[in-house]
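Engineer: Fold the following.
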Amino acid sequence: MCSLGFARSLGFALIPLATCCIVANVLLFFPDGKVNFVYDEHVTTYVWYFMGIGGGGLVMLIPACVFLGMGKCADSCGTDSCAMCGSVFAALLGLAGSAYCFLISAVALLNGPYCFTLLGWMSPFENDGGRYLFARERWSECIQPAHIVEWNVTLLSILLGLSTLEFLICFLQFISGLVNAVCRPCCYKQEYSLNA
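Structural biologist: Numbering: from 1, shown residues only. The predicted structure is shown next:
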């Protein structure tokens, strides 16, 4: 029963993380807090990959719900190991979603924002391998939207951090569920044979 409580606490932890990922991704659509950049298609293409909305957000709600409902699942399955098998599959889905969010956010961070420069609308840092992150004086190359580099760096860094936490939580549940699903029935068999 201890592993079910552990899984439920991990499920509770995933809900605010997933919500924050969704919010961060939505905010990336509105640089400088304005809607007109989305209408004019002047946002980075990586935002349209929905890494925070899909990968770090909605996909993560599936393992969260599975982890939270594990006590009910154990009652209907009849065994804790049956419930743990379901949590292993949910954790794998969570690992995939958080990895997707992390990878797309990392690539978007390395390529930099899409902004208006003296040469027009472009991604001025796309080919410098992320060196712009350490050369703050270059950030002024982006004229419009105002503070777009700070906006993107902050929100994408948040997505990187949140997806890392989600990955760790799902990995913990994957290991815990796998150990309990495989080892628990074996332990009970040995316990019965020793008592007989």
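Engineer: all contacts plus neighbour counts: C-alpha atoms, from now on.
Structural biologist: OK.
Engineer: Low-confidence regions, the chain specifically.
Structural biologist: By pLDDT under 70, the low-scoring segments of the chain are 1-3, 71-83, 184-196.
Engineer: quick one, longest helix in it?
Structural biologist: When the chain is parsed with DSSP state H, its longest helix is helix 148-195.
Engineer: what helices or strands is it leaning on?
Structural biologist: helix 2-28, helix 80-111 (3 or more CA pairs under 8 Å, 6 or more residues apart in numbering; DSSP states H and E).
Engineer: Of these, which is nearest Tyr49?
Structural biologist: helix 80-111 (7.6 Å; CA to CA).
Engineer: buried residues in that closest one?
Structural biologist: For helix 80-111, a neighbour-count test (16 or more other CA atoms under 10 Å) marks 80-102, 104-106, 108-111 as buried.
Engineer: ok, now stretch 109-121?
Structural biologist: For stretch 109-121, burial by neighbour count (16+ other CA under 10 Å) applies to 109-117.
Engineer: I'd like to check the angle between the longest helix of the chain and helix 80-111, please.
Structural biologist: Helix 148-195 and helix 80-111 are oriented at 160 degrees to each other (axes from the mean of the first three to the mean of the last three CA atoms, to 10 degrees).
Engineer: nearest to Ile148, of the helices and strands packed on helix 148-195?
Structural biologist: For the helices and strands packed on helix 148-195, proximity to Ile148 was assessed by CA to CA; helix 2-28 is nearest, at 9.6 Å.
Engineer: Helix 148-195 and the closest one, what's the angle between them?
Structural biologist: 170 degrees.
Engineer: Check which residues of helix 2-28 are buried.
Structural biologist: Within helix 2-28, judged by 16+ other CA under 10 Å, the buried ones are 4, 7-8, 10-11, 14-15, 17-25, 27-28.
Engineer: can you check stretch 42-52 too?
Structural biologist: Buried, per 16+ other CA under 10 Å, within stretch 42-52: 42-44, 46-47, 49-52.
Engineer: cool, and stretch 153-170?
Structural biologist: 153, 155-167, 169-170.
Engineer: Give me the contacts around that stretch.
Structural biologist: 10, 14, 17, 20-21, 24-25, 27-28, 52, 56, 60, 63, 91-92, 94-95, 98-99, 101-102, 105-106, 108-109 (CA atoms under 8 Å, 6 or more residues apart in numbering).
Engineer: Surely Ser105 touches Met51?
Structural biologist: Yes - Ser105 is within contact range of Met51, at 7.0 Å (criterion: CA atoms under 8 Å).
Engineer: Report the contact partners of Ser87.
Structural biologist: Taking CA under 8 Å, 6+ apart, one finds 63, 66-67, 70, 173-174, 177 in contact with Ser87.
Engineer: any idea how far it is from Ile158?
Structural biologist: Using CA to CA, to the nearest Å, we find Ser87 at a distance of 27 Å from Ile158.
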